[in-house]
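A.B. asks: Sequence and predicted structure, then a few things I'm wondering about:
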Amino acid sequence: MKKILQRYEIVFFFLLTYLLSWWAVPVMNGALIPQGPMFAAMIVVSLTMGRSGWREYGKRLTNWRAGWWYLIGPSIIIGYTGIAFAINLWAGATLAEMPHVLSLGVIVQLLLVGGQWEEPGWTGYALPKLEERFANRPNGALIAMLVLGVFRALWHLPLFLFGKIYWFDIFVFSFAF
């Protein structure tokens with residue numbers, strides 16, 4: 001069984017990701033379990049590589065090569081949201097209540113069940129495995145990213161079908177991420 005899992009580990013990862021994430025779709029009115037890709041990666045690493053796989057996976061997750069971009073990226077989002085908020089107030093809007101974005105409950109929810117829990121599965125596990133698989137082909141890294149983009153975009157499909165996100169969120173943003 002271990003040999004079969006090792007041979008088809010990326011296929012097993014994608015199947016497990018969809019299973020772990022989509023089981024709640026009918027129950028939770030279209031909501032996905034965002035930790036599904038991470039849990040799938042953890043299970044596949046455990047079953048196929050054991051402790052040595054955990055060390056390798058852990059190194060991948062903690063190797064922060066982007067430097068200051070980890071601060072610049074969120075700062076850009078906070079900046080344009082703040083500017084839009086200020087323009088809205090300047091144009092005559094009134095603040096009826098404290099914006100929900102600033103509440104402690106929303107911050108805790110984002111930290112515990114936000115979409116960032118997808119990343120250890122998609123880019124921490126699947127992307128390096130796909131890059132490894134397509135390494136000896138011309139444009140192998142590009143092919144790996146495109147394959148991952150398709151699976152990642154399809155993963156968000158229930159959110160579109162239940163009206164939680166727009167079509168371009170799947171086919172533009174999800175694919176691009």
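C.D. replies: Sure thing, it's come through. Computed from a predicted model, the values in this text were never measured in an experiment. Numbering: from 1, shown residues only.
A.B. asks: Please name the nearest non-neighbouring residue to the residue nearest the centre of the chain.
C.D. replies: With distances taken as Cα atoms, centre = their mean, E118 lies nearest the centre of the chain, 3.1 Å away. Using Cβ to Cβ, 6 or more residues apart in numbering and skipping the chain neighbours, the partner closest in space to E118 is P37 (4.9 Å). The C-beta positions use only the backbone N, C-alpha and C, and glycine is treated the same way.
A.B. asks: Phi, psi for the one you found please.
C.D. replies: phi -60, psi -40 (degrees, to the nearest 10).
A.B. asks: residues touching it, list them.
C.D. replies: 17, 21, 117-122, 125-126, 155 (Cβ atoms under 8 Å, 6 or more residues apart in numbering).
A.B. asks: rerun at 10 Å
C.D. replies: P37 sits next to 13-14, 16-18, 20-21, 117-126, 151-152, 155 when contact means Cβ atoms under 10 Å, 6 or more residues apart in numbering.
A.B. asks: What score does it have for pLDDT?
C.D. replies: Turning to P37, the model gives it a pLDDT of 95.
A.B. asks: how near is it to L47?
C.D. replies: Look at P37 and L47: by Cβ to Cβ, to the nearest Å, they are 16 Å apart.
A.B. asks: No further queries at this time; thank you.
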